[in-house]
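[1] Next input, structure requested:
(one chain, ligands or ions: 1)
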Amino acid sequence: MNEDTASKSPKALILFGPPGSGKGTQAKLLREARQVPHISTGDMLRERIAMGDPLGRQVQGLMQSGRLVPDEVANRLVDERIARPDCAGGFILDGYPRTIPQAEVLGRRLAERGFETVVIHLKVDYTVIIKRIAGRRQCPVCGTLYSLTSNPPKKADVCDLDGAGLVIREDDQEDVIRERLEAYDRQTRPLIEFFAGAGHALKEVDAGLDGPDAILQRISGLLGNR
Ligand code: ADP
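    Numbering: from 1, shown residues only. Okay, the predicted model is just below:
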C-alpha cells in the first residue's frame, strides 16, 4: 500500500508557486480529474471587485498594483469557503496561503477539520513566467485562461466557450508582473521552508517547459488515484 492509499483523510491540496506558474490552469484540470472544488483567492477577490461591494473596493488598488491584500481578508474568504459541505471530501487551494500568517491560520483550520495537507510546488524560471504572463488573456465572463503562444483561442481575442471578448488582467501588465514576483519572493517563497517544517507532504513539480496536460500527468502521478 502506498502513502496515498494508506491515508483515509480528505486532502487539502495546495497548489504553490510564483504568479504565472500555472496554478490556475492546473487547479481547473485537477478539479475535473478529482471532482473536488477549486478555491482561488484571486478569482474570489476579482469577483468581489466586479460586484463593486465594500470588500472589492478595499482590495482593488492593492491587487492592481501587484501587492497582496491583507491576511484577514484572504483568511476570511477561505475559511468561509472550506466550511461549505462541498469541501468535505477535499479541495484544491490556488493562490492561498501566500504568507506565513495565512499558512498558520490555514494549518489550524485543516487540523481541526481533519484534512491531510499536500503541497504541490510548481517550479518555473522567472524568464519563462514573464513571457507567459505577457501572453495571457482571460475571458471576463467564465474566467477561462488562454495563452497566445501555447493555448490560443480558436478565434483571435474571443472566448471559445461563450464568445466574450478576451481581456488582459490589469495586474498582468509587465511592471505589475515584476511587483507580483517581488511580493512572491518576499512574502510567499519563505512558505516552502514553513511547509517542510510543519511536516506537510511537499512535492516539487517541474512546471516550466511542458504543456498543461504533461504537467497534470506529473502531478497526478505524485498524488496517486485519490
Ligand atoms: P497570480 O497567482 O497569478 O498572482 P492570483 O489570481 O492568484 O494570480 O492573484 C492575483 C492577486 O490577488 C494577487 O497579486 C494579490 O493581490 C491578490 N491575492 C490573491 N490571493 C491572495 C492571498 N492569499 N493573499 C493576499 N492577496 C492575494
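[2] Which stretches in this protein count as helices?
    3-6, 23-34, 41-51, 54-64, 71-82, 100-113, 126-134, 174-183, 191-197, 212-223 (DSSP state H).
[3] for those, which one sits closest to the ligand?
    helix 41-51 (1.9 Å; C-beta to the nearest ligand atom). Just so you know, the C-beta spots here come from the backbone N, C-alpha and C atoms, and that holds for glycine as well.
[4] Now do the closest one: distance to the chain's middle.
    Computed by C-alpha atoms, centre = their mean, to the nearest Å, the separation of helix 41-51 from the middle of its chain amounts to 14 Å.
[5] Check which helices and strands it sits against.
    Helix 41-51 is packed against helix 54-64, helix 71-82, with contacts defined by 3 or more C-beta pairs under 8 Å, 6 or more residues apart in numbering; DSSP states H and E.
[6] if we can go back for a sec, out of the helices of the chain, deepest packed?
    Per-stretch averages of neighbours, counted by mean count of other C-beta atoms under 10 Å, single out helix 23-34 among the helices of the chain, with a mean of 20.
[7] Low-confidence ranges, this structure, go.
    1-7, 225-226 (pLDDT under 70).
[8] which bits of it sit near the ligand?
    With C-beta under 6 Å from any ligand atom as the criterion, the chain comes near the ligand at residues 19-20, 23, 41-42, 45, 62-63, 66-69, 74, 95-96, 98, 102, 171, 180.
[9] give me that answer again for 8 Å
    Taking C-beta under 8 Å from any ligand atom as the test, the list of the chain residues beside the ligand reads 18-21, 23-24, 40-43, 45-46, 59, 62-63, 66-71, 73-74, 78, 94-99, 102, 133, 169, 171, 180, 183-184.
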